[in-house]
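*Asks:* Turn this into a structure:
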Amino acid sequence: MAYDQQRAAAFAARLKRIMRDRDLTQLQIQRSTGLSQQAISGWARGLHLPRGRRLQTLADFLQMDPRELCPESFDDTVVSVATSSINFQPVDGQPGWFILRIGGMPVDDQMLHEVLEANNRFSERKKREDFVDVKL
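*Replies:* Numbers count the residues shown, from 1 in each chain. Below you'll find the model as predicted:
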């Protein structure tokens, strides 16, 4: 079994367990979140992993941290900074390179690390100085 298939299968097993433990159906998830039936079915069947906003939506519904719900999506795949909506997608076949989803700008892992650190510093300063973040 290929690496991506193994990760998708691991997530599918976890999602099915969570659904069983919470007595949830795919239809209930769909109606409560607005996620497509195709996406939910694909995750439950182990065809693909949730990423980006879909992962965040599912995690919010299940009241879980996205990294806890689907650590496979963070294992050298999508890095999402939820507080700033910065979203990077890895470049297939180019380890250490990512594409900024909005604008399509390529960045290397060093720049990605710097952006994540800057975001963390901003969040810490925001807490320390108790100011309101203005969304543009």
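
*Asks:* Run the chain-centre distance for the host helix or strand of residue 56.
*Replies:* Using DSSP states H and E, residue 56 maps to helix 52-62. Helix 52-62 sits 7 Å away from the centroid of its parent chain (C-alpha atoms, centre = their mean, to the nearest Å).

*Asks:* Check stretch 15-23 too.
*Replies:* 19 Å.

*Asks:* got the buried residues for that stretch?
*Replies:* Buried positions in stretch 15-23, judged by neighbour count with 16 or more other C-beta atoms under 10 Å: 15, 19. (Each C-beta comes from the backbone N, C-alpha and C, glycine too.)

*Asks:* Please shift the residue numbers so they start at 493 in all later answers.
*Replies:* Sure, I'll start counting at 493 from here, so that last one is stretch 507-515.

*Asks:* then that stretch to PDB, C-alphas only?
*Replies:* Only the C-alpha atoms of stretch 507-515 are listed here, as PDB (Å, rounded to 0.1, in the frame of the first residue of the first chain):
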ATOM      1  CA  LEU A 507     -13.100   9.100  11.500                       C
ATOM      2  CA  LYS A 508     -15.300   5.900  11.500                       C
ATOM      3  CA  ARG A 509     -14.400   5.300  15.200                       C
ATOM      4  CA  ILE A 510     -15.200   8.900  16.100                       C
ATOM      5  CA  MET A 511     -18.500   8.700  14.200                       C
ATOM      6  CA  ARG A 512     -19.400   5.400  15.900                       C
ATOM      7  CA  ASP A 513     -18.400   6.700  19.400                       C
ATOM      8  CA  ARG A 514     -20.500   9.800  18.900                       C
ATOM      9  CA  ASP A 515     -23.300   8.000  17.100                       C
END
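
*Asks:* what residues does stretch 504-511 touch?
*Replies:* Residues outside stretch 504-511 that contact it (C-beta atoms under 8 Å, 6 or more residues apart in numbering): 516, 517, 518, 521, 535, 536, 537, 538, 554, 561, 562.

*Asks:* For the helix holding residue 548, list every residue counted as buried.
*Replies:* 544, 546, 547, 548, 549, 550, 551, 553, 554.
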